[in-house]
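Novice: here is the input, now give the coordinates:
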Amino acid sequence: MVFNFTTAPRTVMGEGALKIAAPYFKSFGNKALIVTGKIITKTGLAAQVQTVLKEQGIDSVIYNDLPGEPTDLMIYAGVEVFKKEKCDFIVGLGGGTPLDSAKAIAAMAVLPGKLGDYKGKEISGDFAPLVLIPTTAGTGSEVTKYVVFTETATDSKLLIKGDALLPKIAVVDYTYTVSSPASITLATGMDALTHAIESYTCIKHTPVTDLYCLDAIKRIFKYLPVAVKDGTDKVARENMSIAAYEAGVAINTSPTTIVHGMSRPIGAVFHVPHGISNAMLLVECLRAVLSGAYSRFAELAVLVGAAQDGEEPAIASEKFLEKLEEFTKSLNVPTLREYGLDLQKFAQKEEKMASDSVASGSPANCYKVLSKEEQIAVYEILRNK
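Specialist: Numbers count the residues shown, from 1 in each chain. Okay, here's the model as predicted:
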């Protein structure tokens, strides 16, 4: 087997990681654009980052006009600030939106045209150095080569990718996640779990990504319920930060599959937070592709204690789904109906969403590839639950 394993060249992880990482920033330039959200700004965390930068002789300016998940218009506005302020590098601080936005701003400050021109393509260029600092445990964006954004004109969620989008340094301090409310902890944690399960059952999985996925899944099954119940539990928070990081590393080489393919359009059309959309789709999407990778899902069943080693793979796989469904229900993951989606509108959009899912390429990473019609059928099952 030959594979190309890529991740961030440096990670500093643990309590107080920012101070330890700070001396490396000096080589990136004299002025940083801090891409973050308004809530993170209000908490004072952005100001703390500015103080650390100042101690290294680095000036900074904040861009926090990110009212929702990334759109192309938010990115273009960030590029304007980056250029106007003559920044040398970018610090992404926050959840998936600021981190993905930071990567996209770095790219579009150099690349010609519009973001949508690069959908699905492997991009490259001499982009500004990136420092990515997550404040949630889920997206793994601090170590991924992907950016997901909504193209405003078409209301479609698109993906750009490339090794040039990887940060120079990922700074992972679990204490930054302690203030996340239960709803965000749940959504981001389920995103990480989806990453790990999809990467493990992807046709591009490798022995190295398998190690990251298995450890991430084990940690999430044990610690996500604890973190949702008690956000101050530092052991749970630290383990969730590690799990999100591991799953992010894995999807660089062994990417997401059917769940993300079908979930992104729901986020674009109905503006459902990405992690919750994944969580609502997780069991039914995996059920639809289960038969293509019985042996892989059976191994996950053994990992989470749902089956014994040596059981018939098809039976063990079903037991994994049962365990996964129990897990999501215990965390009160809603159905589409319970979430309050307009189910009539959902039915009208199913064909477009399935088309967008197929076009994304993610479902083709499954051992069993679902057609557009088969994906519409899954949407219908979800709508009727």
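
Novice: contact partners for the nearest residue to Pro23 once chain neighbours are set aside?
Specialist: Sequence neighbours aside, Gln56 is the residue nearest to Pro23 in space, at 6.7 Å (criterion: Cβ to Cβ, 6 or more residues apart in numbering). (C-beta placed from N, C-alpha, C; glycine too.) Going by Cβ atoms under 8 Å, 6 or more residues apart in numbering, Gln56 touches Ala22, Pro23, Phe25, Lys26.

Novice: the spatially closest residue to Thr135 that is not a sequence neighbour: what's it in contact with?
Specialist: Excluding the flanking residues, the one nearest Thr135 by Cβ to Cβ, 6+ apart is Tyr176, at 4.4 Å. Counting by Cβ under 8 Å, 6+ apart, Tyr176 touches Leu45, Ile133, Pro134, Thr135.

Novice: where does the second one sit: helix, strand or coil?
Specialist: For Ile133, the secondary-structure state derived from DSSP: H, G, I helix; E, B strand; the rest coil is strand.

Novice: quick one: it and Glu142 touch, right?
Specialist: Yes - the pair Ile133 and Glu142 passes the contact test of Cβ atoms under 8 Å, sitting 7.1 Å apart.

Novice: tally of neighbours for the closest residue to Val131 other than its chain neighbours?
Specialist: Distance criterion Cβ to Cβ, 6+ apart; nearest residue to Val131, sequence neighbours excluded, is Val91 at 4.6 Å. Val91: 31 surrounding residues under other Cβ atoms under 10 Å.

Novice: so how far is Ile39 from Val91?
Specialist: Using Cβ to Cβ, to the nearest Å, one gets 17 Å for the distance from Val91 to Ile39.

Novice: again with Lys323
Specialist: 34 Å.

Novice: the more surrounded of those two?
Specialist: Between Lys323 and Ile39, Lys323 has the larger neighbour count (other Cβ under 10 Å), namely 18 against 14.

Novice: quick check: which element contains Val91?
Specialist: If you go by DSSP states H and E, Val91 is part of strand 89-94.

Novice: run a quick neighbour tally on Ser371.
Specialist: 11.

Novice: for Thr152, same thing?
Specialist: The tally of other residues near Thr152 (other Cβ under 10 Å) stands at 14.

Novice: joint contacts of Ile133 and Glu142?
Specialist: Here Ile133 and Glu142 have Gly92, Ala170, Val171, Val172 as joint contacts, going by Cβ under 8 Å, 6+ apart.

Novice: so which of those residues are in helices?
Specialist: Judged by DSSP state H, the shared contacts of Ile133 and Glu142 include no members of helices.

Novice: what residues sit buried inside stretch 302-312?
Specialist: In terms of neighbour count (16 or more other Cβ atoms under 10 Å), stretch 302-312 has its buried residues at Val302, Leu303, Val304, Ala306, Ala307.
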